[in-house]
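Chemist: Fold the following, please.
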Amino acid sequence: MTETNDQIQTNDIPAASDVPAAAEGQQQERRGGGGGKGGGDRDRRGGGGRGRDNRRGQERDSEWQERVVQIRRVSKTVKGGKKMSFRAIVVVGNERGQVGVGVGKAGDVIGAVRKGVADGKKHLVKVPLTRTSSIPTLSNGRDGAASVLIRPAAPGTGVIAGGSIRTVLELAGIKNVLAKRLGSKTPLNNARAAMVALAGLRTHKETAKERGISLEQLYS
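Modeler: Now for the predicted structure:
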């Protein structure tokens, strides 16, 4: 059941007991504003600091790119019938070695995408990149019935992949790679399988350190 406009307007009106408290707060603000030049200077300094924080936050957000892989209308059976909602699969990455896959559900598309972006930023994976914007070794990932094989490629090859796997690789910053989808065609499972494959990548230095040998012995 949805609320009518009259109900929303009635709920938004503050109670009578809240009015004196608001009036007292306004009187205190007027007294503080007339305290002298020092108060005004502090307010100006504080406002400038908040402005810098907002600009920094916008710069951080501008580093991330978001791509919607799939939007589906889903339903949930409840006691009164079926509850319809939207599910969005979103891939988030900065094209510099960090990528994440998120899923969001809401009653509208915008809300589902917003939740998907927030979920993707919570599940970021660090991807080691080579000088040629490729991956160091071959990797295989599996999620459910989907299996993904990712192989490094020579410079100039490009991203040879399709579907949601291509989106994940591009937002991770990989520009030369070969990928093959094996098994299920579900976009969500394929995207998560690609994330598993990227999470399992290790550089040669990390492998040599884990084995307790030098980098030269690893290549010999």
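
Chemist: Bridged to Ser147, which residues?
Modeler: In this entry, Ser147 is beta-bridged to Arg142, Leu182, by DSSP bridges.

Chemist: how about it, what does it touch?
Modeler: For Ser147, the contacting residues are 140-141, 181-183, 193, by C-beta atoms under 8 Å, 6 or more residues apart in numbering. (C-beta placed from N, C-alpha, C; glycine too.)

Chemist: Buried subset of those, written for PyMOL?
Modeler: Under the burial definition 16 or more other C-beta atoms under 10 Å, those of the contacts of Ser147 that qualify are selected in PyMOL by:
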select buried, resi 141+181+193
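
Chemist: Tell me the first helix or strand C-terminal of whichever helix or strand Ile110 is part of.
Modeler: Secondary structure assignment for Ile110, by DSSP states H and E: helix 109-122. Remark: after helix 109-122, the chain's next helix or strand is strand 124-126, criterion DSSP H and E.

Chemist: Show me the chain divided up by domain.
Modeler: Using automatic domain parsing, the domain parsing of the chain gives 17-59, 63-125, 127-205.

Chemist: can you redo those as TSV with mean pLDDT and distance to Ser214?
Modeler: What follows is those, written out as TSV (pLDDT from 0 to 100; distance: least, C-beta to C-beta, whole Å):
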stretch	mean pLDDT	distance to Ser214
domain 17-59	50	41
domain 63-125	94	25
domain 127-205	93	10
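
Chemist: I'd like the ones you listed laid out as TSV, including distance to Gly212.
Modeler: Listed next are the domains of the chain as TSV, based on distance: least, C-beta to C-beta, whole Å:
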stretch	distance to Gly212
domain 17-59	42
domain 63-125	26
domain 127-205	13
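
Chemist: Just name the most buried of those domains.
Modeler: Highest mean neighbour count among those (mean count of other C-beta atoms under 10 Å): domain 127-205, with a mean of 19.

Chemist: And the contacts of stretch 201-208?
Modeler: Stretch 201-208 has contacts (C-beta under 8 Å, 6+ apart) with 127-128, 135-137, 139, 210, 214-215, 217-219.
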